[in-house]
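**Student:** Based on what follows, work out the 3D shape:
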Amino acid sequence: MIPVDEAQALVLDNIDPLPAETIDFAEACGRLLREDVVSDIDMPPFPRSAVDGFALRAEDVASPPARLTVVGEVPAGTLPDFRVGVREACQIMTGAPVPEGADAVQMVEQSRWVGTDVEILTRVASRQNVAPKGSEVRKGDIVLRRGTRLDPPAVAVAATVGKTRIEVGPRPKVAVIATGDELVAPSETPGPGQIRNSNAFSLVAQCRAAGAAASFLGVARDDEASLETLIRKGLDFDVLLLSGGVSMGRFDLVEKVLETFGVRFLFDAVRLKPGKPLVFGLRDGTLVFGLPGNPVSTMVTFELFVRTALARLEGAEDPTRAHLCATLDKELRNRGVRRAFIPGWVRTGESGELHAFPIATRGSGDVVAFSKSNALLIVPEDIDKLEAGDDVRFYPLDSFLIKEDIWQAGRNPS
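**Tutor:** This next block holds a predicted model:
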């Protein structure tokens with residue numbers, strides 16, 4: 001049984017990123033950028049008006065009100081064919097090029113028409129409401145850096161600089177196998193001793209949320225032949241995930257069958273709670289993870305190990321998710337010598353500080369309690385208890401910023 005940090009390092013040290021692929025930028029949201037993107041233009045490409053109003057010379061309105069002759073109009077998307085002279089102005093729209101001769105724009109709210117002239121009611125400083133050419137980005141500047149996880153603003157940047165084909169990390173192909181005679185399909189009513197198969201579907205969902213292409217190959221029964229059939233298929237993928245069958249019981253056959261396929265194991269137990277029986281191995285470029293069968297253990301070990309492995313396959317140089325810190329609102333205990341990752345809720349206090357409290361759970365099979373969490377609260381190996389008011393590190397789940405406080409609203413943490 002090895003420490004969590006050592007296990008994570010072993011996983012990452014044994015992964016080479018997959019070859020990059022080039023795709024249309026419009027399909028790149030969520031993908032990992034594998035090249036620097038540079039601008040092919042200055043931005044803005046001309047002095048640009050930041051408001052609707054009047055382009056003018058600031059010195060002409062130093063003593064308002066000032067009446068100016070309107071010599072033209074510049075809508076967005078047009079290039080002015082005139083210049084603004086002494087005591088002249090032109091009507092201009094947001095985003096339009098500022099004509100030569102003008103050095104400022106006064107917003108329309110600070111003006112009024114007087115016949116065909118305009119009266120400017122307040123002063124405006126030189127360069128006010130004007131974005132100079134190249135003030136945002138210069139031609140040749142890097143606008144997106146290699147290693148960026150592309151989001152909607154990044155797609156907009158690619159469009160702005162004309163980067164229509166973009167090099168990204170591929171979506172790792174993941175095979176998911178659930179194991180156990182007790183499993184039935186979610187559409188079935190479980191009989192005596194049976195449970196519905198949730199692990200396969202949570203793993204597929206986690207893989208897809210992490211940007212991977214996941215396929216559920218089926219349920220392997222507790223016999224070697226069934227396992228062999230599905231594992232043989234799974235070893236054709238970049239990553240093979242198996243849930244269950246990796247403990248010390250009589251029917252825990254996963255490691256034995258994997259050995260027959262030549263899988264080289266790097267570890268088979270981690271000092272982690274939940275998730276001690278965790279197997280990681282390699283076989284001809286395929287990463288093999290044997291995850292524990294309890295639903296919460298399955299999802300926690302995916303977060304800590306598989307998610308980082310998928311990111312490294314995409315090309316991420318630092319694929320680990322950063323831990324954050326909050327003030328603990330309720331005592332948190334950890335029995336034993338394993339690092340604990342406990343389902344919890346993190347919220348923002350009145351002054352913007354983060355507060356965390358554990359969610360009551362019946363153990364690593366309590367998937368309903370886990371579904372109420374937005375974070376995993378961390379209790380180190382060498383600490384058996386954290387008091388209310390202590391700082392607690394936490395691993396933010398995908399739902400950290402978006403999950404509504406519907407379970408905890410209106411009641412005290414319990």
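
**Student:** Give me the contact list for the lowest-mean-pLDDT helix or strand in the chain.
**Tutor:** Lowest on mean pLDDT, DSSP states H and E among the helices and strands of the chain sits strand 332-333, with a mean of 88. Residues from elsewhere that reach strand 332-333 (Cβ atoms under 8 Å, 6 or more residues apart in numbering): 342, 358, 377, 379, 384-386, 392. Glycine gets a C-beta too; all of them are placed from N, C-alpha and C.

**Student:** Restricted to strands, list those residues.
**Tutor:** 342, 358, 377, 379, 385-386, 392 (DSSP state E).

**Student:** Tabulate those residues (CSV), appending distance to P170.
**Tutor:** Formatted as CSV, the ones in strands among the contacts of strand 332-333 follow (distance: Cβ to Cβ, whole Å):
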residue, distance to P170
I342, 35
P358, 38
L377, 34
V379, 37
K385, 45
L386, 41
V392, 37
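
**Student:** residues contacting A375?
**Tutor:** With Cβ under 8 Å, 6+ apart, A375 has these contacts: 324, 343-346, 356, 394-397, 400.

**Student:** Please convert the buried members of those residues into PyMOL selection syntax.
**Tutor:** In PyMOL syntax, the buried subset of these is picked out as below (16 or more other Cβ atoms under 10 Å):
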select buried, resi 343+344+345+346+356+394+395+396+397
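
**Student:** Can you get me a residue count around D236?
**Tutor:** 11 (other Cβ atoms under 10 Å).

**Student:** Would you mind measuring from it to W345?
**Tutor:** Distance of D236 to W345, computed by Cβ to Cβ, to the nearest Å: 41 Å.

**Student:** Not counting stretch 346-364 itself, show me its contacts.
**Tutor:** 274-275, 292, 294-297, 324-330, 332, 342-345, 369-370, 372-375, 377, 392, 394, 396, 400, 405, 407-408, 413-414.

**Student:** Which of those fall within strands?
**Tutor:** Judged by DSSP E, the contacts of stretch 346-364 include 324-328, 332, 342-345, 375, 377, 392, 394, 396 as members of strands.

**Student:** Break this structure into its domains for me.
**Tutor:** 4-16+171-314, 21-40+150-168, 48-131, 324-401 (automatic domain parsing).

**Student:** Quick check: which of these is buried the most?
**Tutor:** Burial of the domains of the chain is given as mean neighbour count (mean count of other Cβ atoms under 10 Å); domain 4-16+171-314 ranks first at a mean of 19.

**Student:** Report the mean per-residue pLDDT for that one.
**Tutor:** Mean pLDDT, computed over domain 4-16+171-314, is 94.

**Student:** End to end on it, go ahead and measure it.
**Tutor:** Using Cα to Cα, to the nearest Å, one end of domain 4-16+171-314 lies 23 Å from the other.

**Student:** Quote the end-to-end distance of stretch 278-296.
**Tutor:** Using Cα to Cα, the end-to-end distance of stretch 278-296 comes to 13 Å.

**Student:** That one: how far from the chain's middle?
**Tutor:** Remark: stretch 278-296 is offset 23 Å from the chain centroid, using Cα atoms, centre = their mean, to the nearest Å.

**Student:** Which strand residues bridge I23?
**Tutor:** I23 has the following beta-bridge partners by DSSP bridges: I166.

**Student:** wait, it sits on I166?
**Tutor:** Yes: contact criterion Cβ atoms under 8 Å: I23 and I166 qualify, at 6.4 Å.

**Student:** which residues are in contact with stretch 144-157?
**Tutor:** With contact meaning Cβ under 8 Å, 6+ apart, stretch 144-157 is reached by 25-26, 28-37, 143, 158, 163, 166, 168, 315-318.

**Student:** And stretch 277-289, by the same measure?
**Tutor:** For stretch 277-289, contacts defined as Cβ under 8 Å, 6+ apart pick out 7, 10-11, 14-15, 234-242, 246-248, 254-255, 258, 261-270, 272, 290-292, 301, 305-306, 309, 313.

**Student:** Which of these fall in helices?
**Tutor:** Those of those mapping onto helices are 7, 10-11, 234, 254-255, 258, 301, 309, 313, per DSSP state H.

**Student:** Now tabulate those residues in CSV and tack on distance to S215.
**Tutor:** Below are those laid out as CSV (distance: Cβ to Cβ, whole Å):
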residue, distance to S215
A7, 26
L10, 26
V11, 21
G234, 9
V254, 18
E255, 23
L258, 19
T301, 20
A309, 17
L313, 16
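
**Student:** farthest-separated two in the residues you listed?
**Tutor:** E255 and L313 (23.1 Å; Cβ to Cβ).

**Student:** Give me the distance from stretch 49-57 to the chain's centre.
**Tutor:** Using Cα atoms, centre = their mean, the offset of stretch 49-57 from its chain centre is 39 Å.

**Student:** Ends of that stretch, what's the gap?
**Tutor:** Stretch 49-57 has an end-to-end distance of 14 Å (Cα to Cα).

**Student:** now do stretch 234-242
**Tutor:** Terminal residues of stretch 234-242 lie 9 Å apart, using Cα to Cα.

**Student:** any residues touching it, and which ones?
**Tutor:** Against stretch 234-242 from outside (Cβ under 8 Å, 6+ apart): 18, 172-179, 203, 207, 212, 215, 217, 220, 231, 254, 261, 283-291, 302, 306, 309-310, 313.

**Student:** try stretch 35-45
**Tutor:** Here stretch 35-45 makes contact (Cβ under 8 Å, 6+ apart) with 20, 131-146, 157-158, 160-163, 166-167.
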